[in-house]
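>>> sharing a model that was predicted from the sequence below.
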Amino acid sequence: MKDFIFSLMVLCLVFGNQVLASPYASEVIEHSADLDGSGPYNDPQNVLGQPATINGDCGCVSMVCAAWGYNTLTTINDGSYIIVKFDHQVKDDLNNPFGVDFIVFGNAFHPADGPVDWTTDMEVRKLLSGGLFAEPVLVAVSQNGTDWYEYSSGPYGDTKFPTNAKKWDRINHQWGNLLDFTKPVDPSIDPAIYGGMSVADVIDQYYAPSGGGTGFDLEPSGYDSILYIKVYGSNGGEIDAFSDVSPDDTISVEELVDKSMPKQYSLSQNYPNPFNLRTTISFRIPENSLYTSLKIYNLQGQLVRILEQGYKSPGYYKTVWDGKDSHNNPVVSGLYIYKLETEHFSKTRKMLILR
Ligand SMILES: [Ca+2]
Ligand SMILES: [Ca+2]
Ligand SMILES: [Ca+2]
């Protein structure tokens, strides 16, 4: 029996090593009937795997040469949808850059100040000001494939940031190494700022090590991890690929330990706000074993619901309010106050529920 268990463990290890998780969506679970694969842009399988790196017409896929080659994209028309699955859990990881947990790649691009092909010098070719060509596609996420969180007020797929597959090699004046499709561009960057800059400069200053794409944070969804992503109904946005963001592994273990604990108390604005069905409230506790409560009041100061109550260890917390009072009845539309309180800290914020 002992030997059997040992063999079993060895088998598990061997198989464990053989199961290679892909950073990209690996399976189409469901799609609308119009995406029947009859044409180059309506095959739902085109959204699986790595984003496109080559465009037969204009060269290396970049912010000025979008992925529009055959069999690389799927067009999401009004009423079209695709649900993809990952072969592993995509986590809301605190070490992911900029809080971004997954990336959606489309064929957004910046018009350039001249033609683009394999021979174009990207230190010379510049982006036109304010010319980002984007087509918003709705995105939703799910843990079980049944309940969905929709990014209804953005971000959207096929918008900022255009895919840029490679770094520009300034010494040899040609496209260089592949950039990393599992690293996001800083979402706070407004692409308007790089109008007039060369493609090479934008890559070096704003993209690298990222290969672009639209970044999504799982935090507002309330899910710690997801398996499914859905893209749907718009007016012809294109989807090329989906990737799981890799945590920042360049930070040391000391920094990791340090980063893993909050430095101070905080109570975040609920998200989404206003909301209809449910909203997520995040807070941070930096000290050990303090009696903590998170309570919701109406504007008359009456207690509506206790969301959290008890001793908390230091850490990052989030809790979801389903818009119901302590008797499990949905509350009426209007402003509510939520209050985080410990022996050393107290903060209130307002939120709006719209039925
Ligand atoms: Ca996150
Ligand atoms: Ca597009
Ligand atoms: Ca693709």
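Cool, got the structure. Ligands and ions are numbered 1, 2, ... in the order given.

>>> low-confidence stretches in the stretch 51-200 of the chain?
Within the stretch 51-200 of the chain, no stretch has pLDDT under 70.

>>> show me what from it comes close to ligand 1.
The stretch 51-200 of the chain comes close to ligand 1 at residues 92, 99, 101, as judged by C-beta under 5 Å from the ion. The C-beta positions use only the backbone N, C-alpha and C, and glycine is treated the same way.

>>> now the residues you listed as TSV including neighbour count and secondary structure?
Output for these, formatted as TSV (neighbours: other C-beta atoms under 10 Å; DSSP: H, G, I helix; E, B strand; the rest coil):
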residue	neighbour count	secondary structure
92	20	coil
99	16	helix
101	25	coil
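
>>> out of these, flag the one nearest to residue 21.
residue 101 (15.0 Å; C-beta to C-beta).

>>> look up how far ligand 2 lies from the closest one.
Between residue 101 and ligand 2 the distance, using C-beta to the ion, to the nearest Å, works out to 23 Å.

>>> equivalent analysis for residue 147, please.
In terms of C-beta to the ion, residue 147 sits 29 Å off from ligand 2.

>>> for residue 53, same thing?
Distance from residue 53 to ligand 2, by C-beta to the ion: 17 Å.

>>> repeat that for residue 123.
Counting by C-beta to the ion - residue 123 and ligand 2 are separated by 27 Å.

>>> was I right about that residue contacting residue 173?
Yes - applying C-beta atoms under 8 Å, one finds residue 123 in contact with residue 173, separated by 7.5 Å.

>>> quick one: contacts for residue 330?
323-324, 355 (C-beta atoms under 8 Å, 6 or more residues apart in numbering).

>>> redo that, cut-off 7 Å
323-324 (C-beta atoms under 7 Å, 6 or more residues apart in numbering).

>>> what do you get for residue 102?
Contact analysis of residue 102 by C-beta under 7 Å, 6+ apart lists 90, 216, 229, 242-245.

>>> name the residues linked to the residue nearest in space to the middle of the chain by a beta bridge.
Computing the C-alpha centroid of the chain and ranking residues by C-alpha atoms, centre = their mean puts residue 216 first, at 1.9 Å. Beta-bridge partners for residue 216, by DSSP bridges, are residue 102.

>>> break down the stretch 1-150 of the chain into its helices, ranges please.
2-18 (DSSP state H, counting those that start in this stretch).

>>> name the residues of the chain found near ligand 3, please.
Residues of the chain lying near ligand 3 (C-beta under 5 Å from the ion): 46, 72, 240-241.

>>> which of those residues count as buried?
46, 72, 240-241 (16 or more other C-beta atoms under 10 Å).

>>> next step: those residues restricted to strands.
Members of these lying in strands (criterion: DSSP state E): residue 241.

>>> can you give me the end-to-end span of stretch 137-152?
One end of stretch 137-152 to the other measures 10 Å (C-alpha to C-alpha, to the nearest Å).

>>> in it, what's buried?
Neighbour count says stretch 137-152 has 137-143, 148-149, 151 buried, by 16+ other C-beta under 10 Å.
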